[in-house]
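*Asks:* Dropping the sequence and predicted coords here.
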Amino acid sequence: MRVEPSRFTSGPAHHFFGYYGINVWDRSGRHHLALETDFHRRPPTPEDRARVGLVDTESGSFAALAETGAFNLQQGSMLHWIDAGHGDELTYNVWHGGRVVSHARALHGGATRTLEAPVAAVTADGRAALGLNYARMYHCRSVVGYANAIDPDTLPLAPEDDGLYRIDLPSGRADLLVSHAEVIRAAALPEPPTGLVWFNHVMFNTDGSRVMFLCRMRRPGDRGLRTSLWTVRPDGSELSQQIGFEHKISHFAWPDPDHLLISTDLLGTMQFLTFTVDRGDFTPFGGGVLPADGHACFSPDGRWLACDTYPQGSERISQLMLYEMATGRRVDIGGMYSEPVFTGDVRCDLHPRWHPDGHSLTIDAVPAGHRQIYQYDVSSIVG
């Protein structure tokens with residue numbers, strides 16, 4: 001059932017959010033987080049800036065509130081809404097004193113305070129956050145890092161004093177939760193890493209009681225990544241490897257506090273699997289219906305899974321679909337064209353994001369050559 005999308009933003013400037021499975025809406029449902037840039041066909045440089053702001057659903061206008069140099073085209077500036085006792089606040093990552101931190105800006109009044117680490121993930125209730133080093137990440141995988149002139153030869157391979165951070169949102173304090181060195185020790189590899197190790201793609205489970213993250217490394221001369229999947233409690237306890245470095249691991253989502261949906265080749269071919277944390281009961285999910293990989297996120301009520309594909313075939317159409325959990329029914333709701341130039345660090349994945357009411361989704365897309373946000377009303381499908 002095709003759904004005609006409405007273009008949520010308009011040019012000549014480019015507008016995007018940059019990632020999937022994150023709540024982009026304020027409490028009123030009127031304002032949608034977004035970045036605005038004057039370019040999008042090249043990666044950002046250390047000198048580039050993006051405007052941080054809100055799209056007004058009533059007027060369709062973008063209101064700039066701040067600017068940042070800590071962003072990329074794939075994940076934006078990892079904007080989030082938080083609820084830390086300071087009223088409604090939005091966070092965006094920024095450079096400060098030669099390192100990346102995050103600013104929390106009040107929606108009403110505009111007061112801004114600093115969080116000691118760049119925000120990478122927030123709990124569903126907006127009350128706890130995790131941070132990653134996006135400056136380091138740029139020299140590991142530039143598409144998800146923030147451009148900088150740091151000499152990568154000065155970066156330790158698996159440092160003891162860097163990794164995944166726990167951010168106390170009321171105070172802004174950040175403490176190291178798990179270090180790169182700790183994870184490499186726990187992995188018990190047959191030989192030490194010879195290239196930079198980094199953490200990427202972190203997400204709280206649905207009740208905030210557990211965290212998943214990917215640990216990645218690339219040996220000198222390697223074209224591909226070596227990836228492992230880990231979970232840990234927010235207090236740093238129960239660090240556990242769920243999938244080792246010998247398998248491909250891609251996108252993920254939490255359907256509930258104890259289970260993960262993950263795209264991996266663990267069972268032979270790349271596909272979505274579900275499993276219970278720490279049990280290893282990997283089970284194929286959506287076989288023959290869902291793509292082998294995609295940005296998957298569950299609707300607020302858990303009844304539907306939204307997923308996209310990368311541009312397919314010579315037509316370069318990225319498909320957007322819904323998958324009904326109870327029946328295994330797939331509903332293709334739309335497709336977006338992407339010019340051949342939009343690959344690598346400048347690609348524009350759809351990255352679906354649910355509205356809290358579960359009746360619509362927004363995506364980023366470039367069907368007309370401009371990077372803009374589009375909205376799909378799926379109320380007639382989800383009921």
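*Replies:* Yep, it's here.
*Asks:* Alpha carbons of the longest helix along the chain, as PDB, please.
*Replies:* Assignment by DSSP state H gives helix 180-187 as the longest helix of the chain. Extracted in PDB, the C-alpha atoms of helix 180-187 (Å, rounded to 0.1, in the frame of the first residue of the first chain):
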ATOM      1  CA  HIS A 180      38.300   0.200  24.600                       C
ATOM      2  CA  ALA A 181      41.000  -1.600  26.500                       C
ATOM      3  CA  GLU A 182      38.500  -3.300  28.800                       C
ATOM      4  CA  VAL A 183      36.500  -4.700  25.900                       C
ATOM      5  CA  ILE A 184      39.600  -5.900  24.000                       C
ATOM      6  CA  ARG A 185      40.700  -7.700  27.200                       C
ATOM      7  CA  ALA A 186      37.300  -9.300  27.600                       C
ATOM      8  CA  ALA A 187      37.300 -10.400  23.900                       C
END
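*Asks:* tell me which strands and helices that helix is in contact with?
*Replies:* With contacts defined as 3 or more C-beta pairs under 8 Å, 6 or more residues apart in numbering; DSSP states H and E, helix 180-187 has these neighbours: strand 163-167, strand 197-204, strand 211-217, strand 226-232. For every residue, glycine as well, the C-beta is placed using N, CA and C.
*Asks:* Could you pull out the buried residues of it?
*Replies:* 180-184, 187 (16 or more other C-beta atoms under 10 Å).
*Asks:* likewise stretch 115-124?
*Replies:* Buried, per 16+ other C-beta under 10 Å, within stretch 115-124: 115-123.
*Asks:* Can you name the two of those that sit furthest apart?
*Replies:* Greatest spatial distance among the buried residues of stretch 115-124 (C-beta to C-beta): 116 and 123, at 17.9 Å.
*Asks:* any chance you could map the strands in the stretch 151-300 of the chain?
*Replies:* Residue ranges of the strands in the stretch 151-300 of the chain, as given by DSSP state E, counting those that start in this stretch, are 163-167, 174-179, 197-204, 211-217, 226-232, 240-243, 249-256, 259-264, 271-276, 283-284, 297-298.
*Asks:* of those, which approaches residue 138 most closely?
*Replies:* That would be strand 197-204 among these, by C-beta to C-beta, at 9.8 Å.
*Asks:* Not counting its own residues, what contacts that closest one?
*Replies:* Residues outside strand 197-204 that contact it (C-beta atoms under 8 Å, 6 or more residues apart in numbering): 21, 120-124, 128, 130, 132-133, 136-137, 140-141, 144, 157-158, 163-164, 178, 180, 183-184, 210-217, 234, 251-254.
*Asks:* Report how far apart the opening and closing residues of stretch 135-151 are.
*Replies:* Start-to-end span of stretch 135-151 (C-alpha to C-alpha, to the nearest Å) is 11 Å.
*Asks:* Buried residues in that stretch, which are they?
*Replies:* Buried residues in stretch 135-151, defined by neighbour count with 16+ other C-beta under 10 Å: 135-142, 144-148.
*Asks:* returning to that earlier point: CSV please, covering the buried residues of helix 180-187 and showing distance to residue 264.
*Replies:* Formatted as CSV, those follow (distance: C-beta to C-beta, whole Å):
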residue, distance to residue 264
180, 22
181, 25
182, 23
183, 18
184, 20
187, 17
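*Asks:* Roughly how far does residue 115 sit from residue 167?
*Replies:* From residue 115 across to residue 167, the span is 6 Å (C-beta to C-beta, to the nearest Å).
*Asks:* which neighbours do the two share?
*Replies:* 102, 129, 131, 174.
*Asks:* Regarding the closest residue to the third one other than its chain neighbours, what is its secondary structure?
*Replies:* Counting by C-beta to C-beta, 6 or more residues apart in numbering, residue 131 lies nearest to residue 117, which is 3.1 Å off, once chain neighbours are set aside. Assigned state for residue 117: coil (three-state reduction, DSSP: H, G, I helix; E, B strand; the rest coil).
*Asks:* same deal with the one 10 residues further on?
*Replies:* Of the three states, residue 127 takes coil according to three-state DSSP.
*Asks:* what about it, how many residues close to it?
*Replies:* A count of nearby residues for residue 127, using other C-beta atoms under 10 Å, gives 14.
*Asks:* Likewise for residue 162?
*Replies:* Using other C-beta under 10 Å, residue 162 has 20 other residues around it.
*Asks:* do the same with the one 4 residues further on
*Replies:* Applying the criterion other C-beta under 10 Å, we find 20 residues in the vicinity of residue 166.
*Asks:* give the contact list for the nearest residue to it once chain neighbours are set aside.
*Replies:* Nearest residue to residue 166, sequence neighbours excluded (C-beta to C-beta, 6+ apart): residue 177, at 4.4 Å. Residues counted as contacts of residue 177 (C-beta under 8 Å, 6+ apart) are 130, 163-166, 211, 232, 234, 236.
*Asks:* Swap in 6 Å and give it another go.
*Replies:* By C-beta atoms under 6 Å, 6 or more residues apart in numbering, the contact list for residue 177 reads 164-166, 236.
*Asks:* Which among those residues count as buried?
*Replies:* For the contacts of residue 177, buried by 16+ other C-beta under 10 Å: 164-166.
*Asks:* Which of those residues sits closest to residue 63?
*Replies:* Distances from residue 63 to the buried ones among the contacts of residue 177, taken by C-beta to C-beta, are shortest for residue 165, at 30.1 Å.
*Asks:* my read: the closest one touches residue 119, true?
*Replies:* No. Look at residue 165 against residue 119 with C-beta atoms under 6 Å: they stay out of range, at 9.5 Å.
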